[in-house]
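Undergrad: Predicted structure and sequence below. I'll ask about it afterward.
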Amino acid sequence: MKDSDIETVLSQRTTRRIDKKLTYTKRNLILANMATFLKHVSLLALVVLCYGQIVAATIDLETRIANLERLALAVESAVASHAHQLSRLNPRVHHLQDGVGQETEKVRRVAEPIVGFDARLPHRIVHLGDQQDIHFWNVETNNGSAYNPTNGRFTCPQNGLYQFATTIPSKLNGTVDCEMVMDNVQVGRLRANHDGFDQASQVLVLECRTEQQVWVRHTSGANDDAILSSTQRQMASFSGHLIALL
């Protein structure tokens, strides 16, 4: 083989080696560029994903704020509506309260009835007999109708604490002895016997049971001078009232 042929062969081999190296280098460059491109694409995708999440979060936050605002408006409207309804109900409530107060007063009156009387003697009585009942038949007040002017007796309508009072005047220089009794038992005694005109009074607080009777009478075997009274003056009196139920 000639030297020229050998050189040609060597040259061709060298060229092929260089081409292979260039091809390998180009391939590595292409791979490197692709890797860089993929990195950029991944980064861009990540940025886009994060941006999308931020936008979605922003939209969700705005939606929540809008929902809260609508809820606040609904609550405000409901409060205003209820306030209006309450303002309309106030007169009705006051009316019902007044009605309850009136019914309570009625119940109280039934539970604690008003009982009281005031009776006067419109004329004088002379020569009283032993234990003669005194009939104060001129009735000024008789709430509860517990006092009977026909027999001069008060009949307790309910168990309770009662107050009774009586005043007995005597004639000029006379003497009169009387007593207050409950069911024929003396609970108080009074005498009018000073010189000139005199009168005696007695005030008692008694615990009485239902149907017990209280009245005033002349004392047995005592002075029997006249009880001084008249239509105009009516100085002799007998009264009583319920203090509290027991």
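TA: Right, received. Where do you want to start?
Undergrad: Secondary structure class of the spatially most central residue of the chain, three-state.
TA: In the chain, the residue lying closest to the centroid (CA atoms, centre = their mean) is Gln97, at 10.3 Å. Following DSSP: H, G, I helix; E, B strand; the rest coil, the label given to Gln97 is helix.
Undergrad: List the contacts of it.
TA: For Gln97, the contact set (CB atoms under 8 Å, 6 or more residues apart in numbering) is empty. C-betas here are computed from N, CA, C, even on glycine.
Undergrad: and the closest residue in space to Arg120 that isn't next to it in sequence, how many neighbours does it have?
TA: With sequence-adjacent residues excluded and distances taken as CB to CB, 6 or more residues apart in numbering, Arg120 is closest to Gln234, at 3.9 Å. A count of nearby residues for Gln234, using other CB atoms under 10 Å, gives 16.
Undergrad: And the next helix or strand past the lowest-mean-pLDDT helix or strand in the chain?
TA: Ranked by mean pLDDT, DSSP states H and E, the helix or strand of the chain with the weakest confidence is helix 3-111, at a mean of 74. Per DSSP states H and E, helix 3-111 leads on to strand 116-120 as the next helix or strand towards the C-terminus.
Undergrad: Run me through the strand neighbours of that next one, direction for each.
TA: Strand 116-120 has the following strand partners under DSSP bridges: strand 138-143 (antiparallel), strand 237-245 (antiparallel).
Undergrad: How is this structure divided into domains?
TA: 1-111, 116-245 (automatic domain parsing).
Undergrad: Compute the first-to-last residue distance for the last one.
TA: From its first residue to its last, domain 116-245 covers 13 Å (CA to CA, to the nearest Å).
Undergrad: What lies in contact with stretch 145-165?
TA: Contacts of stretch 145-165 with the rest of the structure, by CB under 8 Å, 6+ apart, involve 113, 115, 117, 119, 133-139, 144, 180, 201-216, 237-246.
Undergrad: which of those count as buried?
TA: 115, 117, 119, 134-136, 138, 144, 180, 202, 206, 208, 212-216, 237-242 (16 or more other CB atoms under 10 Å).
Undergrad: Asn151: neighbour count?
TA: Asn151: 12 surrounding residues under other CB under 10 Å.
Undergrad: Quick check: bridge partners of the closest residue to Leu245 other than its chain neighbours?
TA: Distances taken as CB to CB, 6+ apart place Gly160 nearest to Leu245, at 4.6 Å, with adjacent residues excluded. Beta-bridge partners recorded for Gly160 (DSSP bridges): Cys208, Leu245.
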